[in-house]
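Need a 3D model of the sequence below.
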Amino acid sequence: MGNFPKRWLIHLLMLFTSVFAGYWLWLQPDQLASDDALFFARGVTDFSVLEFSPHFPGYPVYIGFAKLLNVVLNDPVASIMSVGRISVLLLPWLSYGLLRQLGCSPASALAAFLLILLDPLLLGIGVQGLSDGPALCILSASVWLLAAKRWLCSGLVLGLCIAVRPSYLPILLPLLAFIPWRYPPSIKPLLYSFFSVGIVCLGFLISKDGFGYFVEGWRFVIGHFQTWGNSALGETQQIGWPQSLANYYSGRFISGAAFSGLYLLLPLLPVFLMVLSTSTIRKKPESTILLLLFTSALIWTLLAQNPDNLRHLAPVLWPSYCLAAIAIHRLFQLDQAWLLTVLRITMTGLIVLQLSFATTKLTWVASPPIQQAKSWLQKSTENQSKHTVVATNRGVALLREQLLGVSVMDSFYSGTVERVLSAGGVRLSTSNIENKQLKLVTQFTARNPAEKTLLGYQAIPPAELVKNH
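The predicted structure follows:
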């Protein structure tokens, strides 16, 4: 490692790549990409969970960050977008600091920095206007503080993380149990500060919506696991994580199944190395924080999150990159010439692969698919001079608010799609529909892996069907 570039060169490279990533992030227009983003933007100006400003569970600290930016920007949409952009840019820097705290060399920490910064999914969540990026950023800061044994500050930051994205609570519960058990002096400062943030935020939410907040919470939880959540614990999962990940990772350098299988194994590799390397646990027991976080995030994501939204994979990807850097650092310490050469080639190859993968998954300047669909529907209505009907299960509230002269129907309800198509309307879907009575009339391409490409279908007229037969 002694021949590796000096620290100032490493920091210069980190700064250069961050500027490049920031350039891409700020090139994207300040446009809402989903119903959830719309609800967040509403919450910046008028907070009420019962009125979907935002949706349950309220995300009070995330809305608070956006409100602070809104004082300067005076634009709720730009404010929530900017919070996401800033967060994904800070995440690699915080990860680098965490890994240096855990004893990793600058070179190993740099490898993790570049893998995180260049990950198209982690970068893509920065332009969704959602809480994933800010929550992951704060989570990385809290793990750094835990590794440094700053119990009071880490408890406060962990509380903020939950208040930014409450669905991270199941991921953090094992951590909140392990730290007090492993470090008894942490019990009071860690847990007291953590629950203090939770009590303050809960009090704020009740002050806004009263005890109706809990009624809405019950409705939301039941709906997630029984109706729309599409999780493994639900009753009607339409697509699983293996299929979703295989579709995402397949077909770039080698054949689909082999390529997706390779990437599915990559996050598990550092776990096996950590478990097998007892010296890592003995010399730096704080490293187990990342291992525990990765394990709980993996279990929670596979069981309770929607595979149709790849952004839910973010809390699994981030610790896997950090664990990989720790494992590589330990292997470097073996000081075997042949191993050093192999590791350098492997590190360089992974970074180049990640860069190439990002270039295939990210577009430079484009609107979100739902905004592309909105513009197309507006033009279709103007050109045809007649009322347009559309059925969709994506961006229903967003299209209803932003589209004039178009009836937007929720395709979740039985019979809606058939009625819309029979009236000459359009069906928007993220799935390839194989139906001989439908034709694909347009598509709206996703800008990054955190989004889904929208496909527009219309019914084939009966006369044309007869002619084709």
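
From residue 243, how far out is the residue nearest in space to the middle of the chain?
Compute the mean C-alpha point of the chain, and by C-alpha atoms, centre = their mean the closest residue is residue 311, 2.9 Å away. Using C-beta to C-beta, to the nearest Å, residue 311 is found at 17 Å from residue 243. C-beta here means a position set from N, CA and C on the backbone, and glycine is covered the same way.

Work out the gap between the helix or strand harbouring residue 359 and the centre of the chain.
In this assignment (DSSP states H and E), residue 359 forms part of helix 337-361. Its chain's C-alpha centre and that of helix 337-361 lie 24 Å apart, by C-alpha atoms, centre = their mean, to the nearest Å.

And it, what's buried?
343-344, 347, 350-351, 353-354, 357-358, 361 (16 or more other C-beta atoms under 10 Å).

Then stretch 124-137?
So stretch 124-137, judged by 16+ other C-beta under 10 Å, has buried residues 124-137.

which one of those is nearest residue 378?
residue 129 (21.2 Å; C-beta to C-beta).

OK, contacts around the closest one?
Contacts for residue 129 (C-beta atoms under 8 Å, 6 or more residues apart in numbering) come out as 32-34, 37, 40-41, 77, 80-81, 84.

next one: residue 119
317, 321, 354, 358 are the contacts of residue 119 under C-beta under 8 Å, 6+ apart.

For the residue lying closest to the last one once chain neighbours are set aside, give me phi and psi.
This means residue 358. Excluding the flanking residues, the one nearest residue 358 by C-beta to C-beta, 6 or more residues apart in numbering is residue 120, at 4.5 Å. The phi and psi values for residue 120, taken as degrees, to the nearest 10, are phi -70, psi -30.

do the same with residue 34
phi -160, psi 170.

which one of the buried residues of stretch 124-137 is nearest residue 291?
residue 136 (17.4 Å).

Report pLDDT for that closest one.
According to the prediction, residue 136 has pLDDT 97.

now it: how far from residue 294?
13 Å.

how about the strands of the stretch 251-400 of the chain, start to end?
388-392 (DSSP state E, counting those that start in this stretch).

so where is it shaky, pLDDT-wise?
Residue ranges of the stretch 251-400 of the chain with pLDDT under 70: 251-285, 384-387.

hang on, the earlier thing: so which of the buried residues of stretch 124-137 sit within helices?
Judged by DSSP state H, the subset of the buried residues of stretch 124-137 located in helices is 124, 132-137.

tell me the domain ranges of this structure?
7-361, 369-468 (automatic domain parsing).

From those, pick the one with the highest average neighbour count.
domain 7-361 (a mean of 19; mean count of other C-beta atoms under 10 Å).

Who are the packing partners of the helix holding residue 359?
Packing contacts for helix 337-361, counted by 3 or more C-beta pairs under 8 Å, 6 or more residues apart in numbering; DSSP states H and E, involve helix 106-118, helix 120-124, helix 314-332.

now the ones you listed in TSV, with distance to residue 19?
Output for the helices and strands packed on helix 337-361, formatted as TSV (distance: least, C-beta to C-beta, whole Å):
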stretch	distance to residue 19
helix 106-118	11
helix 120-124	14
helix 314-332	21
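
is it true that residue 108 touches residue 326?
Yes: taking contacts as C-beta atoms under 8 Å, residue 108 lies within contact range of residue 326: 7.4 Å.

okay, and the common contacts of these two?
residue 99.

ok, residue 124 - contacts?
311, 361-362, 447-451.

can you rerun that using 10 Å?
24-25, 28, 88, 132-133, 310-311, 314, 358, 361-362, 446-451 (C-beta atoms under 10 Å, 6 or more residues apart in numbering).

Skip the chain neighbours and tell me the closest residue to it.
residue 448 (2.9 Å).

In a helix, the one you found, correct?
No: under DSSP: H, G, I helix; E, B strand; the rest coil, residue 448 falls outside any helix and is assigned coil.

wait, what's in contact with it?
24, 28, 33, 120-128, 310-311, 358, 361-363, 366, 368.

cutoff 6 Å now
120, 124, 362 (C-beta atoms under 6 Å, 6 or more residues apart in numbering).

ditto for residue 244
Taking C-beta under 6 Å, 6+ apart as the definition, contacts of residue 244 comprise residue 307.

Same check on residue 408?
390, 399-400.

now these as a markdown table including distance to residue 223?
Below are those laid out as a markdown table (distance: C-beta to C-beta, whole Å):
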| residue | distance to residue 223 |
| --- | --- |
| 390 | 23 |
| 399 | 21 |
| 400 | 19 |
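
Return the closest of those with respect to residue 338.
Checking these one by one against residue 338 (C-beta to C-beta), the nearest turns out to be residue 399, at 59.0 Å.

any idea how far the nearest residue to the closest one once chain neighbours are set aside lies from residue 393?
Spatial nearest neighbour of residue 399, chain neighbours left out: residue 408 (4.5 Å); criterion: C-beta to C-beta, 6+ apart. To residue 393, residue 408 is 11 Å away according to C-beta to C-beta.

Also residue 289?
39 Å.

Residue 361 and residue 122 touch, don't they?
No: using C-beta atoms under 6 Å, residue 361 is not in contact with residue 122, being 11.2 Å away.

State the phi and psi torsions of residue 427.
Residue torsions, per degrees, to the nearest 10, at residue 427 are phi -110, psi 120.

hang on, it packs against residue 455?
No: judged on C-beta under 6 Å, residue 427 makes no contact with residue 455 at a distance of 8.6 Å.

give the contact list for residue 241.
With the criterion set at C-beta under 6 Å, 6+ apart, residue 241 makes contact with 302, 307.

Check it and give its pLDDT.
The predicted local confidence for residue 241 is 79.

before we move on, what about residue 78?
So residue 78 comes in at 97 (pLDDT).

Once you drop chain neighbours, what's closest to it?
That would be residue 30: by C-beta to C-beta, 6+ apart, it lies 4.5 Å from residue 78.

quick one: the residue lying closest to the residue nearest to the centre of the chain once chain neighbours are set aside and residue 83, what's the gap?
Leaving aside its chain neighbours, residue 311 sits nearest to residue 450 (4.5 Å; criterion: C-beta to C-beta, 6+ apart). Distance, residue 450 to residue 83, by C-beta to C-beta: 15 Å.

What of residue 210?
Relative to residue 83, and taking C-beta to C-beta, residue 210 is found at 28 Å.

Let me know the secondary structure of residue 440.
On the basis of three-state DSSP, residue 440 is classed as strand.

which ones are touching it?
Contacts of residue 440 by C-beta under 6 Å, 6+ apart are residue 457.
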